[in-house]
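Got a predicted structure plus its sequence, pasted below:
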Amino acid sequence: MKTCRKGLVVYKVLVACTFCVGVGGCIPSSSGEPFDQTSPQEDMGGSAGQPSDEEMPSTVALLAADGAVSTYSQKENVRQVFVDHDESLYVLSEGGFEVRGQVVGGDVDIINDAAFDGEQWLLATDDGLKVIKSGTAEVVDSPLSAYLGTSNVMGVEVGSSAVYLRTNTGLFIVQGDQLERIEGYTQINAMAVDAQGVLWLASPDQGVSTLELGDEGLSQRQALDVDAEQLVAFDAGVAMLSQGKVYTREGDGQWFELEGVNARHIYARAGVAGLWWCDAQASQMGHMYEGVSSAVDGLTCADSAVVDELGRLLAVSESGELLRHDRLYRVEFVDLPTEEITDVSTLQIATSFESSVESVTVNLGGMSFDAVAGDDGFGVEIDPASLGTGEQQIEVVATFPHDVEVRTSAMIRTALKDVTWDKNVKPLFSQYCGACHGVQNAYELDTAELWQTADVPESWSGGSFSYIMSWLDSGNMPPGDLPKLTPAQLQLLYTWEEQGFR
């Protein structure tokens, strides 16, 4: 690697670095097949994914975590969409803009790219660099446009200490009010700034390369000798689109191909986990998160799309709908029993993206408790003795990052069979009655026989068991504020009687 040490001069083109590091060999793919870096560049063409000029009526809809669609507002002729943190920008086909619900003025028809630098929106257009200051409602020319001349600004990326502009005449870096050209880049297909502030560039001249701004100037390095059509940064690193194939580079520096993906565009966000793509054959969106790739049902490819800070895709579809799609969060029961549950058993619960699940809560039998995490997902113990005989509704709530909750529910049927003193009744006695009615207490009930033969008042017309149950049914026992038996537990005692006090 060589470091450019020349100083920055306001509005002068001074930086000219050369690449000194080449990477030979092959990139391993997840399918085990290498990515040939020596492929002829002239065979690796592709579009930059610019949005269509066609005007389309559109509906704004929210695709919730469970996949349901609900319309929450109407917008007309949506053509492009951009979002950044709490700021969001919708571009309407008639040339107007809406920022956080406020329509702003300005004579701009198509935005090639947009980014928010913390103070203002930077708009890359065919007429130069435009800005929308925070708190204003007007699109104006950036002061830098005069120094860019008539250059079409095709892309803008905000780094940790600089802004990078991709134009039809080359690459520029902006620091404060200083603008300079970075030599060696006459044509740029794509660029992206990763979470570490490193700029990744795709150029037919230089292949895939990186540029990093440090205390001693600009450092450039060639990473791959390929012609990539698109680069995006995401939480784990960067992704590259080349000839329909998608490659990801994560912390270990290795590039891997996503198996079975033939894409025509990819979408991601620096510092945010997850990668989205448009499938070139199915014209359907796909999604990768935590190493799991899946097609997104009901979401077709987008003319314009962006990933927000929560990893959701906000997209203008080919049909004109503006959709926001959360990750495919799921929670479901595994092999839910259709027959009566008569013995203590464990019901398995599966979720998507298990390592991201913050909690799984179960509501059953009037109680709420956490499911137990295990090697095969989550589990909940079903005990007919504590639930009684009959249908039971079980609800599961899985909580994911950013307070996303996904729910599912089902009906199960439990039945009390083979109720015995040792297995079922004695544990209840020990929990609720043993402290006062155990051995050597005034009213002993610590055996199955005593529940049938214990003394009762002369005025009581029934037997011992019915006398004991009258105290339990009324809630007078256990006394005071001590916990009472639940209806299901009371039912268990009556079932024990029906089955002969075994």
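Looks like it arrived, so ask away.

the domain parsing of this protein - what is it?
Annotated domains of the chain cover 12-64+73-325, 331-414, 421-498 [automatic domain parsing].

mind checking the end-to-end distance for the second one?
Length of domain 331-414, first residue to last, Cα to Cα, to the nearest Å: 23 Å.

picking that back up, can I get the domains of the chain in TSV including mean neighbour count and mean pLDDT?
Where you see a C-beta, it was placed from the backbone N, CA and C, and this is true even at glycine. Output for those, formatted as TSV (neighbours: other Cβ atoms under 10 Å; pLDDT from 0 to 100):
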stretch	mean neighbour count	mean pLDDT
domain 12-64+73-325	18	71
domain 331-414	16	89
domain 421-498	14	92
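
any chance you could map the strands in the stretch 351-500 of the chain?
Along the stretch 351-500 of the chain, counting by DSSP state E, counting those that start in this stretch, strands occupy 359-364, 367-370, 372-374, 377-382, 390-400, 404-414.

Verify the contact between residue 145 and residue 129 for me.
Yes: Residue 145 lies in contact with residue 129 (Cβ atoms under 8 Å); the separation is 5.2 Å.

Could I get the contacting residues of the closest residue to residue 366 other than its chain neighbours?
Leaving aside its chain neighbours, residue 366 sits nearest to residue 486 (7.1 Å; criterion: Cβ to Cβ, 6 or more residues apart in numbering). Neighbouring residues of residue 486 by Cβ atoms under 8 Å, 6 or more residues apart in numbering: 365-366, 386.

do residue 373 as well
Listed by Cβ under 8 Å, 6+ apart, the contact partners of residue 373 are residue 360.

does residue 233 count as helix, strand or coil?
Using DSSP: H, G, I helix; E, B strand; the rest coil, the secondary structure recorded for residue 233 is strand.

Distance check, it against residue 482.
The gap separating residue 233 from residue 482 is 60 Å, by Cβ to Cβ, to the nearest Å.

swap in residue 160?
Counting by Cβ to Cβ, the separation of residue 160 from residue 482 is 62 Å.

How about residue 129: which residues does it bridge to?
residue 124 (DSSP bridges).

before we move on, back to that, separation between the residue nearest to residue 366 and residue 472?
11 Å.

Residue 173 now?
80 Å.

Over to residue 256?
Applying Cβ to Cβ, the value for residue 256 to residue 472 is 64 Å.

Kindly report the same for residue 372.
As for residue 372, its distance to residue 472 is 30 Å (criterion: Cβ to Cβ).

Also residue 495?
Residue 495 sits at a distance of 14 Å from residue 472 (criterion: Cβ to Cβ).

before we move on, what about residue 188?
80 Å.

got it, and residue 333?
Distance of residue 333 to residue 472, computed by Cβ to Cβ: 34 Å.

and what of residue 178?
Using Cβ to Cβ, residue 178 is found at 83 Å from residue 472.

re earlier: and of the strands of the stretch 351-500 of the chain, who's closest to residue 242?
Closest to residue 242 of the strands of the stretch 351-500 of the chain, according to Cβ to Cβ: strand 390-400, at 32.5 Å.

strands paired with that closest one, and their directions?
Going by DSSP bridges, the partners of strand 390-400 are strand 359-364 (antiparallel), strand 404-414 (antiparallel).

now what about the longest one, what contacts it?
Judged by Cβ under 8 Å, 6+ apart, the contacts made with strand 404-414 from elsewhere in the structure are 65-66, 326, 329-333, 336-337, 339-342, 347, 351, 382, 384, 387-400.

Residue 456 is in contact with residue 467, correct?
Yes: counting by Cβ under 8 Å, residue 467 does reach residue 456; the two are 4.3 Å apart.

how about residue 463, phi and psi?
Phi and psi for residue 463, reported as degrees, to the nearest 10, are phi -90, psi -170.

Next up, the contacts around it.
Contact analysis of residue 463 by Cβ under 8 Å, 6+ apart lists 452, 456.

same question, residue 228
44, 189-190, 202, 207-208, 240-242.

Leaving out the residues flanking it, which one is nearest to it?
residue 202 (3.9 Å).

Just the C-alphas of the helix or strand encompassing the one you found, formatted as CSV.
Using DSSP states H and E, residue 202 falls within strand 199-203. These are the backbone C-alpha positions of strand 199-203, laid out as CSV (Å, rounded to 0.1, in the frame of the first residue of the first chain):
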residue,chain,number,x,y,z
LEU,A,199,-14.6,4.1,0.7
TRP,A,200,-15.1,1.2,-1.7
LEU,A,201,-15.0,1.9,-5.4
ALA,A,202,-15.9,-0.1,-8.5
SER,A,203,-14.3,1.1,-11.7
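
Perfect, that will be all.
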